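Enquirer: Have a look at this prediction, sequence included:
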Amino acid sequence: MLHWDQVNVKLLEKRTEDVWFDFSLRQLRKGEVKFYRVKDPRSGEWIFKTCRDMEQERVIVKAIKCPQGPALSQLEGNTMLFQRSAIPEMYYDIISLTQIDENGNVRRKAITAEEEIPQVIKEKCEVKTYEEATGKQAPGKHFVTLCRGDDEKAMITLFLMERAWPIAPPPPEKPLKITATEEEPQKREIDTGHVWTCPICSRKHRLIHIETEKSIKHSIRKHVEQKPKN
């Protein structure tokens, strides 16, 4: 089960003013930059960078350190773009999911049908059509998720849900539970026949010799007098 709420996002550094290159705009941009350490129970540990462009009203989320592995390591340097929507205070990203081709290369697939959207995204995020979110029409842009423009944790978690979770290796299977007979060593009990009487209360006890594969122990049990048969 994938857990949105268990993703731990911790701010490492905040730069009120910094510069980065925006590949979609093909130019240097200036604004607020933050670095986050992220622990995701599904995919592993990450370092993310967010670049907030106040003039363009957009936020770039970039994975700058990824978990090891042939699939997830290919996401290093990948970005996700969040832009201001037509809905007040909300930013959107166009939903596209990663997948692995026959050569082991990671590719991205745009979602064209609502039933292709993972259930966890539907449950945790507000999903709209591109036209509903922007008031515009554009070929190849079908569904988007919405989050508050100041919620960078949600943006980072959406990156994980769309980019990492579809290709993350499955969690290791839990080992089968050992039955009581398997986990308990074989035991042999021998009644020594020796009866010990307590010098204080005069109660009688029998000495029991106990052997297991790894140890030898002794136990004292209450002695029951055998009544003579008539």
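Expert: It's in.
Enquirer: Next, please give the residue ranges for the strands of this structure.
Expert: Along the chain, counting by DSSP state E, strands occupy 8-22, 27-40, 44-53, 58-65, 79-84, 90-94, 96-100, 106-110, 126-129, 143-148, 187-197, 204-212, 216-222.
Enquirer: could I get these as a markdown table with mean pLDDT?
Expert: Output for the strands of the chain, formatted as a markdown table (pLDDT from 0 to 100):
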| stretch | mean pLDDT |
| --- | --- |
| strand 8-22 | 95 |
| strand 27-40 | 96 |
| strand 44-53 | 97 |
| strand 58-65 | 97 |
| strand 79-84 | 96 |
| strand 90-94 | 96 |
| strand 96-100 | 94 |
| strand 106-110 | 91 |
| strand 126-129 | 94 |
| strand 143-148 | 95 |
| strand 187-197 | 73 |
| strand 204-212 | 73 |
| strand 216-222 | 73 |
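Enquirer: Those strands into TSV, with extra columns for mean neighbour count and distance to I117?
Expert: Every C-beta, even on glycine, is put in place using the N, C-alpha and C of the backbone. Converted to TSV, the strands of the chain look like this (neighbours: other CB atoms under 10 Å; distance: least, CB to CB, whole Å):
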stretch	mean neighbour count	distance to I117
strand 8-22	12	23
strand 27-40	16	20
strand 44-53	19	23
strand 58-65	20	19
strand 79-84	20	16
strand 90-94	22	12
strand 96-100	17	9
strand 106-110	14	11
strand 126-129	16	6
strand 143-148	21	6
strand 187-197	10	57
strand 204-212	14	58
strand 216-222	10	62
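Enquirer: Please dump those into TSV; it should also carry distance to E162 for every row.
Expert: Below are the strands of the chain laid out as TSV (distance: least, CB to CB, whole Å):
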stretch	distance to E162
strand 8-22	16
strand 27-40	13
strand 44-53	14
strand 58-65	11
strand 79-84	7
strand 90-94	8
strand 96-100	6
strand 106-110	9
strand 126-129	12
strand 143-148	8
strand 187-197	56
strand 204-212	55
strand 216-222	60
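Enquirer: Show residues contacting stretch 32-50.
Expert: Residues outside stretch 32-50 that contact it (CB atoms under 8 Å, 6 or more residues apart in numbering) are 2-3, 6-18, 20, 51-52, 54, 59-68, 72, 152, 155-156, 159-160, 164-165, 168, 171.
Enquirer: Determine how far the last residue of it lies from the first.
Expert: 8 Å (CA to CA, to the nearest Å).
Enquirer: Now do the residue nearest the centre of the chain against F48, distance only.
Expert: Geometric centre of the chain, nearest residue: P41, 2.1 Å, by CA atoms, centre = their mean. Per CB to CB, to the nearest Å, P41 is found 16 Å from F48.
Enquirer: Tell me which residues touch the residue nearest to M161 when sequence neighbours are not counted, please.
Expert: Spatially, and ignoring its direct neighbours in sequence, M161 is nearest to I121 (5.7 Å; CB to CB, 6 or more residues apart in numbering). Listed by CB under 8 Å, 6+ apart, the contact partners of I121 are I95, V127, T145, L158, M161, E162.
Enquirer: out of those, who's nearest I210?
Expert: Checking these against I210 with CB to CB, the nearest one is M161 at 56.6 Å.
Enquirer: Go ahead and confirm L158 touches D93.
Expert: Yes - counting by CB atoms under 8 Å, D93 is a contact partner of L158 at 6.3 Å.
Enquirer: how much space is there between the residue lying closest to I117 once chain neighbours are set aside and A63?
Expert: Counting by CB to CB, 6+ apart, the nearest residue to I117 once its immediate chain neighbours are dropped is I111, at 5.7 Å. Distance from I111 to A63, counting by CB to CB: 20 Å.
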